[in-house]
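>>> model the structure of this input:
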Amino acid sequence: MSDPSQILLVGHPNVGKSVLFNRLAGASATESNYPGTTVDYAEGELVIDGDPIPIIDTPGTFSLDPRDRAEEVTVELLEDAADVLVVGVIDATRFERGLNLMLELIERGYELVVALNMWDQACRKGIDIDVDRVEWLLGVPVVPAVATEGRGIKTLQRRIDEAHAPSIEQVQTRVRNGS
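Residues are numbered from 1 along each chain as shown. So this is what the prediction gives:
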């Protein structure tokens, strides 16, 4: 991973991004309006190896091809940031749904680490996600988390250093070959 200028949390609405953000940013969190809009996002700092890095909880988006102003704000935040690192947040109970957004982030070349939030709920529902296999297929760190309880947060912080931008071709080859 290069030294990111900022970290953006990106995921569908209601996947627990804000709870995860609050765990990562702690007391440094502030609310902001995106210029020229009424769309809110939160800003804070995440300290990694003693260095504070700005972190932003973006509005929920289903795609990087925006259909409303909130999604446009997320895409603009991604596009306007130089050396951005993305924490892609997926609701583990709806893993397949969130996977498409992660593939879009990979396709656009963002450094990425994936947080599988609501891991406890997925386990209770009998949803079995092979984290190691998903990590291998995507080529990025994947971390199970329960943001409401703080589980997985330290691992996520540690694994941010491992984030990188695999090529979509590498991902497609792994998926095709399946091993």
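
>>> buried stuff in stretch 7-25?
For stretch 7-25, the neighbour count (16 or more other CB atoms under 10 Å) marks 7-12, 15-21, 23-25 as buried. Heads up, the C-betas are built off the backbone N, CA and C, glycines and all.

>>> among the residues you listed, which are in strands?
When DSSP state E defines the strands, the subset of these inside them is I7, L8, L9, V10, G11.

>>> give the contact list for the second one.
To tie it back to what came earlier, the one meant is L8. I55, I56, T58, L77, L78, A81, V84, L85, V86, V87 (CB atoms under 8 Å, 6 or more residues apart in numbering).

>>> need those in JSON lines with pLDDT, can you?
Output for the contacts of L8, formatted as JSON lines (pLDDT from 0 to 100):
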{"residue": "I55", "pLDDT": "94"}
{"residue": "I56", "pLDDT": "92"}
{"residue": "T58", "pLDDT": "93"}
{"residue": "L77", "pLDDT": "91"}
{"residue": "L78", "pLDDT": "94"}
{"residue": "A81", "pLDDT": "82"}
{"residue": "V84", "pLDDT": "93"}
{"residue": "L85", "pLDDT": "95"}
{"residue": "V86", "pLDDT": "97"}
{"residue": "V87", "pLDDT": "97"}
